[in-house]
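Engineer: Model the structure of this input:
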Amino acid sequence: MKPIFFLLACLLAGHANAGWTDKQGTLLPDSEERKSIGGFDAQIIFTHDEQALYEKWAAPSEIVNLDAVESVSSSHPLNAFVIFRGCKPSAQGNCNVTMRHRVLQPNGKPCSETHAMDVWHNRPAPPARALELSVQYIKLEVDGEQKGVYTLQTQVRDNNTGAVLFLQKTFSATDSPYAGKPDLDLLKTMPEMATHSL
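Structural biologist: Presented below is the predicted three-dimensional model:
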(Lines give C-alpha, C1' and ligand atoms only; values in the text may rest on other atoms or scores of the structure.)
Protein backbone atom coordinates (compact mmCIF):
# COMPACT_ATOMS: atom_id res chain seq x y z
CA MET A 1 0.00 0.00 0.00
CA LYS A 2 1.39 3.41 -0.91
CA PRO A 3 2.12 5.60 2.13
CA ILE A 4 -0.10 8.58 2.82
CA PHE A 5 1.80 11.71 3.77
CA PHE A 6 0.33 14.13 6.25
CA LEU A 7 1.50 17.03 8.31
CA LEU A 8 0.94 17.53 11.98
CA ALA A 9 1.66 21.21 12.08
CA CYS A 10 -0.26 22.14 15.12
CA LEU A 11 3.01 23.13 16.55
CA LEU A 12 3.22 26.66 15.47
CA ALA A 13 4.72 28.13 18.60
CA GLY A 14 2.75 31.03 19.90
CA HIS A 15 -0.51 30.04 18.23
CA ALA A 16 -3.08 31.15 20.75
CA ASN A 17 -5.93 28.79 19.89
CA ALA A 18 -6.44 25.65 21.91
CA GLY A 19 -6.52 22.45 19.92
CA TRP A 20 -4.75 21.01 16.92
CA THR A 21 -4.25 23.13 13.82
CA ASP A 22 -2.93 22.50 10.35
CA LYS A 23 0.02 24.23 8.68
CA GLN A 24 -2.10 27.28 7.87
CA GLY A 25 -3.34 27.60 11.45
CA THR A 26 -6.82 26.24 10.73
CA LEU A 27 -8.32 24.48 13.75
CA LEU A 28 -8.67 20.73 13.18
CA PRO A 29 -11.58 18.76 14.61
CA ASP A 30 -10.94 16.09 17.20
CA SER A 31 -10.46 12.56 15.88
CA GLU A 32 -10.26 9.21 17.66
CA GLU A 33 -6.47 9.40 17.90
CA ARG A 34 -6.13 13.18 18.43
CA LYS A 35 -8.14 15.24 20.95
CA SER A 36 -8.12 18.48 22.93
CA ILE A 37 -9.83 19.72 26.05
CA GLY A 38 -9.33 23.13 27.64
CA GLY A 39 -5.95 23.71 25.97
CA PHE A 40 -4.66 20.21 26.84
CA ASP A 41 -3.92 18.29 23.62
CA ALA A 42 -2.77 14.70 23.03
CA GLN A 43 -2.36 12.31 20.11
CA ILE A 44 -1.27 8.67 19.68
CA ILE A 45 1.52 8.00 17.17
CA PHE A 46 2.89 4.64 16.01
CA THR A 47 6.40 3.85 14.84
CA HIS A 48 8.48 0.71 14.26
CA ASP A 49 11.77 2.46 15.04
CA GLU A 50 11.69 4.11 18.44
CA GLN A 51 15.44 4.79 18.38
CA ALA A 52 15.11 6.80 15.20
CA LEU A 53 12.27 8.74 16.80
CA TYR A 54 14.39 9.60 19.84
CA GLU A 55 17.28 10.70 17.68
CA LYS A 56 15.07 12.91 15.54
CA TRP A 57 13.29 14.33 18.59
CA ALA A 58 16.63 15.16 20.27
CA ALA A 59 18.07 16.85 17.18
CA PRO A 60 18.16 20.66 17.30
CA SER A 61 15.21 21.44 15.05
CA GLU A 62 11.71 22.80 15.37
CA ILE A 63 10.32 19.98 13.21
CA VAL A 64 10.62 16.22 13.66
CA ASN A 65 9.79 14.11 10.62
CA LEU A 66 9.17 10.41 11.16
CA ASP A 67 7.54 7.45 9.52
CA ALA A 68 4.39 6.45 11.34
CA VAL A 69 2.96 2.99 10.76
CA GLU A 70 -0.27 1.17 11.45
CA SER A 71 0.63 -2.51 11.30
CA VAL A 72 2.45 -5.03 13.44
CA SER A 73 3.96 -8.37 12.49
CA SER A 74 5.92 -10.99 14.39
CA SER A 75 9.15 -9.52 13.00
CA HIS A 76 8.21 -5.83 13.38
CA PRO A 77 6.71 -4.81 16.75
CA LEU A 78 4.80 -1.55 16.93
CA ASN A 79 5.70 1.25 19.36
CA ALA A 80 2.94 3.58 20.52
CA PHE A 81 3.81 7.00 21.92
CA VAL A 82 1.71 9.95 23.01
CA ILE A 83 2.59 13.45 21.94
CA PHE A 84 1.03 16.22 23.99
CA ARG A 85 1.04 19.88 24.94
CA GLY A 86 -0.79 22.25 27.25
CA CYS A 87 -0.36 20.43 30.57
CA LYS A 88 -0.92 22.65 33.60
CA PRO A 89 2.12 23.18 35.83
CA SER A 90 1.91 22.82 39.60
CA ALA A 91 2.97 25.56 42.02
CA GLN A 92 6.50 24.17 41.61
CA GLY A 93 6.26 24.50 37.83
CA ASN A 94 5.98 20.76 37.12
CA CYS A 95 3.45 18.87 35.01
CA ASN A 96 2.01 15.51 35.98
CA VAL A 97 0.62 13.66 32.97
CA THR A 98 0.02 9.91 32.92
CA MET A 99 -1.56 7.41 30.52
CA ARG A 100 -3.14 3.98 30.62
CA HIS A 101 -3.45 1.66 27.64
CA ARG A 102 -5.87 -1.14 26.79
CA VAL A 103 -5.68 -3.30 23.67
CA LEU A 104 -8.82 -4.78 22.13
CA GLN A 105 -8.62 -7.89 19.96
CA PRO A 106 -10.27 -8.00 16.53
CA ASN A 107 -13.37 -9.51 18.22
CA GLY A 108 -13.59 -6.49 20.55
CA LYS A 109 -12.49 -8.32 23.71
CA PRO A 110 -9.72 -6.77 25.83
CA CYS A 111 -6.45 -8.70 25.64
CA SER A 112 -4.00 -6.44 27.48
CA GLU A 113 -3.99 -3.46 29.85
CA THR A 114 -1.26 -1.37 31.44
CA HIS A 115 -0.91 0.35 34.76
CA ALA A 116 -0.51 4.15 34.82
CA MET A 117 2.51 5.07 32.70
CA ASP A 118 4.64 8.20 32.64
CA VAL A 119 3.83 10.73 29.95
CA TRP A 120 5.37 13.71 31.76
CA HIS A 121 5.38 13.05 35.52
CA ASN A 122 6.86 15.62 37.89
CA ARG A 123 8.80 17.28 35.09
CA PRO A 124 9.09 20.97 34.23
CA ALA A 125 6.24 22.17 32.04
CA PRO A 126 7.23 22.28 28.36
CA PRO A 127 7.32 25.73 26.74
CA ALA A 128 3.88 27.08 25.94
CA ARG A 129 2.24 25.36 22.95
CA ALA A 130 5.31 23.20 22.22
CA LEU A 131 4.75 19.48 21.72
CA GLU A 132 6.48 16.90 23.87
CA LEU A 133 6.95 13.16 23.45
CA SER A 134 5.79 10.79 26.19
CA VAL A 135 8.60 9.56 28.44
CA GLN A 136 7.26 6.01 28.36
CA TYR A 137 5.71 4.11 25.48
CA ILE A 138 4.16 0.73 24.82
CA LYS A 139 5.67 -1.87 22.48
CA LEU A 140 3.05 -4.09 20.88
CA GLU A 141 4.02 -7.55 19.66
CA VAL A 142 1.84 -10.21 18.07
CA ASP A 143 2.39 -13.90 17.54
CA GLY A 144 1.96 -15.44 14.12
CA GLU A 145 -1.59 -16.70 14.71
CA GLN A 146 -3.48 -13.58 15.78
CA LYS A 147 -4.24 -11.59 12.64
CA GLY A 148 -6.78 -8.81 12.18
CA VAL A 149 -7.46 -5.24 13.27
CA TYR A 150 -6.70 -4.39 16.90
CA THR A 151 -7.57 -1.20 18.78
CA LEU A 152 -5.28 0.60 21.20
CA GLN A 153 -7.34 2.62 23.69
CA THR A 154 -5.38 5.22 25.62
CA GLN A 155 -6.48 7.40 28.51
CA VAL A 156 -4.25 10.47 28.91
CA ARG A 157 -4.70 12.37 32.18
CA ASP A 158 -3.40 15.75 33.32
CA ASN A 159 -3.32 14.96 37.02
CA ASN A 160 -2.89 18.63 37.97
CA THR A 161 -6.26 19.57 36.46
CA GLY A 162 -8.12 16.26 36.25
CA ALA A 163 -8.54 16.68 32.47
CA VAL A 164 -8.76 13.31 30.71
CA LEU A 165 -8.53 12.58 26.98
CA PHE A 166 -9.78 9.23 25.69
CA LEU A 167 -7.90 8.30 22.53
CA GLN A 168 -7.90 5.25 20.32
CA LYS A 169 -6.07 4.12 17.22
CA THR A 170 -6.32 0.91 15.25
CA PHE A 171 -3.50 -1.22 13.92
CA SER A 172 -3.41 -4.40 11.85
CA ALA A 173 -1.63 -7.62 12.74
CA THR A 174 -0.37 -8.97 9.41
CA ASP A 175 2.20 -11.27 7.86
CA SER A 176 3.77 -8.41 5.94
CA PRO A 177 6.80 -6.85 7.64
CA TYR A 178 5.80 -3.21 7.17
CA ALA A 179 2.70 -1.29 6.26
CA GLY A 180 3.07 2.44 6.25
CA LYS A 181 0.91 5.44 6.86
CA PRO A 182 3.70 7.94 7.23
CA ASP A 183 5.17 11.11 7.61
CA LEU A 184 4.40 13.06 10.69
CA ASP A 185 6.05 16.42 11.12
CA LEU A 186 6.19 17.17 14.84
CA LEU A 187 7.87 19.38 17.42
CA LYS A 188 10.02 17.97 20.29
CA THR A 189 12.62 13.92 25.01
CA MET A 190 13.92 10.00 26.14
CA PRO A 191 12.03 7.06 27.57
CA GLU A 192 11.09 3.85 29.17
CA MET A 193 8.78 1.30 27.61
CA ALA A 194 6.33 -1.46 28.38
CA THR A 195 6.12 -4.52 26.14
CA HIS A 196 2.83 -6.30 25.56
CA SER A 197 2.42 -9.45 23.51
CA LEU A 198 -1.01 -9.89 21.98
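Engineer: worst-scoring helix or strand of the chain, pLDDT-wise?
Structural biologist: strand 184-186 (a mean of 42; mean pLDDT, DSSP states H and E).
Engineer: buried stuff in the helix or strand where R102 lies?
Structural biologist: Following DSSP states H and E, one finds R102 within strand 94-104. Of all the residues in strand 94-104, those buried under the rule 16 or more other C-beta atoms under 10 Å are C95, N96, V97, T98, M99, H101, V103, L104. For every residue, glycine as well, the C-beta is placed using N, CA and C.
Engineer: so how far is C111 from the fourth one?
Structural biologist: Looking back up the chat, that one is T98. Distance of T98 to C111, given as C-beta to C-beta, to the nearest Å: 22 Å.
Engineer: picking up where we left off before, the next helix or strand after the strand holding R102 packs against which elements?
Structural biologist: On the C-terminal side of strand 94-104, the closest following helix or strand by DSSP H and E is strand 110-113. With contacts defined as 3 or more C-beta pairs under 8 Å, 6 or more residues apart in numbering; DSSP states H and E, strand 110-113 has these neighbours: strand 94-104.
Engineer: Sheet-wise, list the partners of the strand it packs on with their directions.
Structural biologist: According to DSSP bridges, strand 94-104 forms sheet pairs with strand 110-113 (antiparallel), strand 117-124 (antiparallel), strand 148-158 (antiparallel).
Engineer: List the buried residues in stretch 130-138.
Structural biologist: For stretch 130-138, a neighbour-count test (16+ other C-beta under 10 Å) marks L131, E132, L133, S134, V135, Q136, Y137, I138 as buried.
Engineer: can I get the strands paired with strand 94-104 in CSV with distance to S73 and mean neighbour count?
Structural biologist: As requested, these are exported to CSV (distance: least, C-beta to C-beta, whole Å; neighbours: other C-beta atoms under 10 Å):
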stretch, distance to S73, mean neighbour count
strand 110-113, 17, 14
strand 117-124, 24, 18
strand 148-158, 12, 20
